[in-house]
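>>> Below: sequence and its predicted model.
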Amino acid sequence: MQLNDLQPAEGSKKARKRIGRGNSSGHGTTAGRGYKGQLSRAGGGKGAGFEGGQQPLAMRLPKLPGFNNINRVEYAPVNVARLEAIFSDGDTVDTEALVEKGVIKSTDVAVKVLGDGELTKKLTVKVDKVSASAKAKVEAAGGKVELPC
């Protein structure tokens with residue numbers, strides 16, 4: 001016996017049904033769909049998620065709450081401790097200086113100084129926003145806050 005002599009077992013291979021190819025095929029006229037009714041029509045049947053007329057699950061579940069405010073301004077936070085570490089006494093803290101020192105990536109970003117940490121250096125802060133605690137720490141160190149820049 002050679003490889004080219006091998007054949008599938010008798011009856012193991014069956015020709016596929018060719019639906020709707022004339023009456024002589026045995027599957028013509030109604031093409032196996034029967035007569036009339038929703039399922040005999042093109043595009044017939046219920047849609048995905050149809051639950052027999054009751055409210056579908058996707059419509060019963062609550063929608064997401066809230067909304068996204070298109071006017072929201074995102075601030076890049078910078079703490080007083082970070083200013084203490086990278087600026088020297090008498091420096092001016094503004095967006096250009098923060099970009100130069102690598103604290104923020106772009107001058108297009110709004111900056112808010114927050115009051116975490118201690119400040120001993122006299123700095124002039126010219127940014128978009130400053131928290132009340134940060135303002136108190138800057139002024140206590142002898143610096144000043146100029147808003148808005």
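That came through fine. Numbers count the residues shown, from 1 in each chain.
>>> Now the element after the longest helix anywhere in the chain, going C-ward?
Taking DSSP state H as the criterion, the chain has its longest helix at helix 132-140. Using DSSP states H and E, the helix or strand that follows helix 132-140 towards the C-terminus is strand 144-145.
>>> pLDDT averaged over the longest helix of the chain - what is it?
Average pLDDT, helix 132-140: 95.
>>> from the chain's centre, how far out does stretch 103-111 sit?
22 Å (Cα atoms, centre = their mean, to the nearest Å).
>>> what's in contact with that stretch?
73-76, 78, 82, 86, 95-96, 98-99, 127-129 (Cβ atoms under 8 Å, 6 or more residues apart in numbering). Using the backbone N, CA and C atoms, a C-beta is placed for each residue, glycine as well.
>>> next one: stretch 26-34
Residues outside stretch 26-34 that contact it (Cβ under 8 Å, 6+ apart) are Lys17, Arg18, Ile19, Gly20, Arg21, Gly22, Asn23, Leu39, Ser40.
>>> Would you check which pair of these lies furthest apart?
Gly22 and Leu39 (22.0 Å; Cβ to Cβ).
>>> now, among the contacts of stretch 103-111, which is nearest to Pro8?
Among the contacts of stretch 103-111, and counting by Cβ to Cβ, the member closest to Pro8 is Glu74, at 67.2 Å.
>>> The spatially most central residue of the chain: what secondary structure?
The residue lying closest to the centre of the chain (Cα atoms, centre = their mean) is Asn68, at 12.6 Å. The assignment at Asn68 comes out as coil when based on DSSP: H, G, I helix; E, B strand; the rest coil.
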